[in-house]
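J.: make a model of this:
(2 chains)
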Amino acid sequence: MNNSTISLQRLSSLVKLTLHLNLKRMLYTACIGLCFAILFIVIYWNMDVYYNDMVFSLHEYLFVLSLYISGFIFTGSSFIRFRSKQGTIDYLMIPASNSEKFSSEVLLTTLVYPSFFLLSYWLFSVIVNGVLNNISQAFFMPFSFNIAPYGLDYMVYFFIQAIFLFGAASFQRAPLMKLILWALLIAAVIALIFYVAWLNFDYSKGTDELAMNKIFYSSLVYNWHFLTIPVGLVFWLLAFLKLKEKEA
Amino acid sequence: MISVKNLSFHYAKKKELFHELNLELGQGNIVGLLGKNGAGKTSLIKILTGLLYPKAGECQMLGETPSKRSPQFLSNVYFLPEEIEESNLRMDKHVALYAPFYPKFDHEAFASNMTSFGIDSSENLKNLSYGQKKQFYISFGLASGCSLLVFDEPTNGLDIPSKSVFRKLVASSMTDDKLILISTHQVRDLGNLIDRVLVLNNGAIIFNKSTEDISNQYDFVSTDNVPDSTQWLYHERGLGNGRAIVRSQEHLESKIDLELLFSGIVAHPEKFKTTAHE
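T.: Residues are numbered from 1 along each chain as shown, chains lettered A, B, ... in the order given. Okay, the predicted model is just below:
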């Protein structure tokens, strides 16, 4: 690889810098994720359903849910220095290529944060299990690293992360509001695609053409997760282009 | 080192800031970029450092196109903007995190610069005053080993002793392979520091001369000494004696009154027009 595009030495310096500047943000966002987890535990507790399977495998669901919520908040505040003119100048003047700057943000949001949250959640689960098992007879399956997001869960995380990363690179004024609207727009588009897919999937008349449609739409419904990677990569590319065209 | 050819730039399409601007600056100079508010100083600096993209024309710095923002280019250019980003880092931590990006960073020079300003590196940047932050970033920039140093209003916020330290440090860190570009409208602060004066007005470079040429071509005199007003290129009335710029008759060097010169150039640019050989 061309030294002006990616140099491992520069990239590691940049990752170190990015990590250092984002450590507090990472900690606060993980706390928000865990607060959501506590909120869900309290809701389930009050619903008096804590003996069912859902609660038995409490952490399996809560980990993924709170990772999604906090991870998207964290990714949505990527390129946070673009929110001020001085920060933008400082960031753009760092002697690293656009590829390195983008890679460090991607590493932070796709690998570092999920790993950090995994550890945070594990610690949280130990405390929660200790407390809940002491105050009730309910048994809660301990959180295991084996249920860390992989496969489908991680593909969903990656897909939405890419959308939020693009949003973060694009919106600097009123970013929160714009990100929410942006996420709603994407969700609406996805919902529309699936709604159409669902309509076609249910359609029972069997001409050859409709049969082909059925195959297409059923494959979309059952194999949609395979689309998350290419679509996510497209949003990464768009986010990279946004970074490249950024001015101060 | 800096080569700008037919550069055009605008923020709003109907209002062009630069129209086919040309500029050549070589290394080994400390250049004072002067201009009134809104003249385009900061915009020009941002184009030169790759922070803004020109709409047309060519811009080359150190043999590279700034808008490409290559790491080689960025590691050779240090830009201190007028407003500084709020940072929550300790100064020594800042150096530890940012210095690796500058291959020629000189830690000893940095420590010496900091001592000259009287700042302790173990302090957190957020606890410093605006002027002290500037001192830190100036110290860092001068130690960065970059060939091109660009300071936008560096003396804003500095107290009088610090301004003097700033001038001394800049002068002592200057080498033949460097170009230091200082943009300011506080022309007095530059004192004897600069060796070239560049004046930007309404998006055009209306004056570009070395201080040697200025000294040779103009005299800065009291109006009492040259009472014939027809000789005055520009004059200002003071409380006591007025001051005037006249064409130097004997090509002897005289002390440059930068503030008077700047006012004269802006008021009557046609009288101070730079010739091609300058």
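
J.: mind listing the strands for chain A?
T.: Under the criterion DSSP state E, strands are not mapped anywhere in chain A.

J.: before we move on, what about chain B?
T.: According to DSSP E, the strands that chain B contains are B:2-12, B:15-25, B:29-35, B:56-61, B:77-80, B:148-152, B:179-184, B:196-201, B:204-210, B:218-222, B:232-236, B:243-247.

J.: mind checking which of those strands is nearest chain A?
T.: strand B:77-80 (5.5 Å; Cβ to the nearest Cβ). C-betas here are computed from N, CA, C, even on glycine.

J.: show me what the closest one is packed up against.
T.: helix B:130-143, strand B:148-152 (3 or more Cβ pairs under 8 Å, 6 or more residues apart in numbering or on different chains; DSSP states H and E).

J.: thinking A:Lys85 is in contact with A:Ala248, fair?
T.: Yes: with contact defined as Cβ atoms under 8 Å, A:Lys85 counts as touching A:Ala248 (6.3 Å).

J.: ok, these two, which is more surrounded?
T.: Per other Cβ atoms under 10 Å in any protein chain shown, whichever of A:Lys85 and A:Ala248 has more neighbours is A:Ala248, with 19 against 14.

J.: what's the pLDDT at that one?
T.: A:Ala248 carries a pLDDT value of 89.

J.: isn't it right up against B:Thr49?
T.: No: using Cβ under 8 Å, A:Ala248 makes no contact with B:Thr49, being 9.1 Å away.

J.: now B:Gly141. Nearest residue, chain neighbours left out?
T.: Of all residues not flanking B:Gly141 in the chain, B:Tyr78 sits nearest, at 4.2 Å (Cβ to Cβ, 6 or more residues apart in numbering or on different chains).

J.: chain B - how does it break down into domains?
T.: Per automatic domain parsing, the domain ranges recorded for chain B read B:2-202, B:211-278.

J.: tally of neighbours for residue 83?
T.: Just going to use chain A. A:Arg83: 14 surrounding residues under other Cβ under 10 Å.

J.: um, chain B though
T.: Applying other Cβ under 10 Å, we find 13 residues neighbouring B:Glu83.

J.: right, and it touches A:Gln86 too?
T.: Yes: between B:Glu83 and A:Gln86 there is a contact under Cβ under 8 Å: 5.0 Å.

J.: where does chain A come near chain B, residue by residue?
T.: A:4, A:7, A:9-10, A:13-14, A:16-17, A:20, A:81, A:84-87, A:89-90, A:92-98, A:100, A:245, A:247-248 (Cβ under 8 Å from any Cβ of the partner chain).

J.: pLDDT weak spots in the chain?
T.: As the question left the chain open, I've gone with chain A. Residue ranges of chain A with pLDDT under 70: A:1-3, A:48-56, A:137-140, A:147-151, A:197-198, A:200-221.

J.: that was the other one, I meant chain B.
T.: Applying pLDDT under 70 to chain B picks out residues B:251-253, B:274-278.

J.: who in it is up against chain A?
T.: B:46, B:49-53, B:69-72, B:74-75, B:77-79, B:81, B:83-86, B:89, B:93, B:97-98, B:100-102.

J.: burial check on residue 61, number of neighbours?
T.: Answering for chain A, as no chain was given. Neighbours of A:Tyr61 (other Cβ under 10 Å): 16.

J.: switch to chain B, that's the one I care about
T.: 23.

J.: and the gap between it and A:Glu245?
T.: 20 Å (Cβ to Cβ, to the nearest Å).

J.: B:Leu89 now?
T.: Using Cβ to Cβ, B:Leu89 is found at 28 Å from A:Glu245.

J.: which one of those two has more residues nearby?
T.: B:Leu89 (17 against 11).

J.: for that one, phi and psi?
T.: phi -100, psi 150 (degrees, to the nearest 10).

J.: OK, contacts around it?
T.: A:His20, B:Leu97, B:Asn124, B:Leu125 (Cβ atoms under 8 Å, 6 or more residues apart in numbering or on different chains).

J.: try B:Lys46
T.: Counted by Cβ under 8 Å, 6+ apart, B:Lys46 has contacts A:Glu247, A:Ala248, B:Leu52.

J.: rebuild the residues you listed as a markdown table, extending it with distance to B:Ile160.
T.: Output for the contacts of B:Lys46, formatted as a markdown table (distance: Cβ to Cβ, whole Å):
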| residue | distance to B:Ile160 |
| --- | --- |
| A:Glu247 | 36 |
| A:Ala248 | 31 |
| B:Leu52 | 33 |
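
J.: tell me, how many residues neighbour B:Glu24?
T.: B:Glu24 has 11 nearby residues by other Cβ under 10 Å.

J.: also B:Asn192?
T.: Around B:Asn192 there are 11 residues (other Cβ under 10 Å).

J.: grab the nearest non-local neighbour of it.
T.: The spatial neighbour of B:Asn192 that comes closest, neighbours along the chain excluded (Cβ to Cβ, 6+ apart), is B:Arg167 at 7.8 Å.

J.: against chain A, how distant is the one you found?
T.: Between B:Arg167 and chain A the computed distance is 24 Å (Cβ to the nearest Cβ, to the nearest Å).

J.: what's the spacing between A:Tyr91 and B:Leu258?
T.: Using Cβ to Cβ, one gets 34 Å for the distance from A:Tyr91 to B:Leu258.

J.: same check, this time on B:Ser215
T.: 12 Å.

J.: so those two - more neighbours on which side?
T.: The neighbour comparison of B:Ser215 against B:Leu258 (other Cβ under 10 Å) goes to B:Leu258, with 22 against 18.

J.: wait, that one touches B:Val187, no?
T.: Yes: counting by Cβ under 8 Å, B:Leu258 does reach B:Val187; the two are 4.4 Å apart.

J.: who touches both of these two?
T.: In contact with both B:Leu258 and B:Val187: B:Gly32, B:Leu34, using Cβ under 8 Å, 6+ apart.

J.: returning to that earlier point: the residue nearest to B:Gly141 and B:Lys178, how far apart?
T.: Distance, B:Tyr78 to B:Lys178, by Cβ to Cβ: 10 Å.

J.: more neighbours: these two, which one.
T.: More crowded of B:Tyr78 and B:Lys178, by other Cβ under 10 Å: B:Tyr78, with 25 against 18.

J.: and that one, bridged to which residues?
T.: B:Leu149 (DSSP bridges).

J.: how much space between it and B:Phe140?
T.: 8 Å.

J.: could you do A:His225 as well?
T.: A:His225 is 48 Å from B:Phe140, by Cβ to Cβ.

J.: so for these two, which sits in the more crowded spot?
T.: Neighbour comparison, A:His225 and B:Phe140: the larger count goes to B:Phe140, with 21 against 13 (by other Cβ under 10 Å).

J.: pretty sure that one contacts B:Phe110?
T.: Yes: between B:Phe140 and B:Phe110 there is a contact at 6.4 Å, judged by Cβ under 8 Å.

J.: quickly list what's touching both of these two.
T.: B:Val95.

J.: residues in contact with A:Ile6?
T.: Taking Cβ under 8 Å, 6+ apart as the test, what A:Ile6 contacts is A:Ser97, A:Ser99, A:Glu100, A:Ser103.

J.: and if we set it to 7 Å?
T.: By Cβ atoms under 7 Å, 6 or more residues apart in numbering or on different chains, the contact set of A:Ile6 is A:Ser97, A:Ser99, A:Glu100.

J.: and what of B:Arg196?
T.: Per Cβ under 7 Å, 6+ apart, neighbours of B:Arg196: B:Asn29, B:Val31, B:Ser210, B:Thr211.
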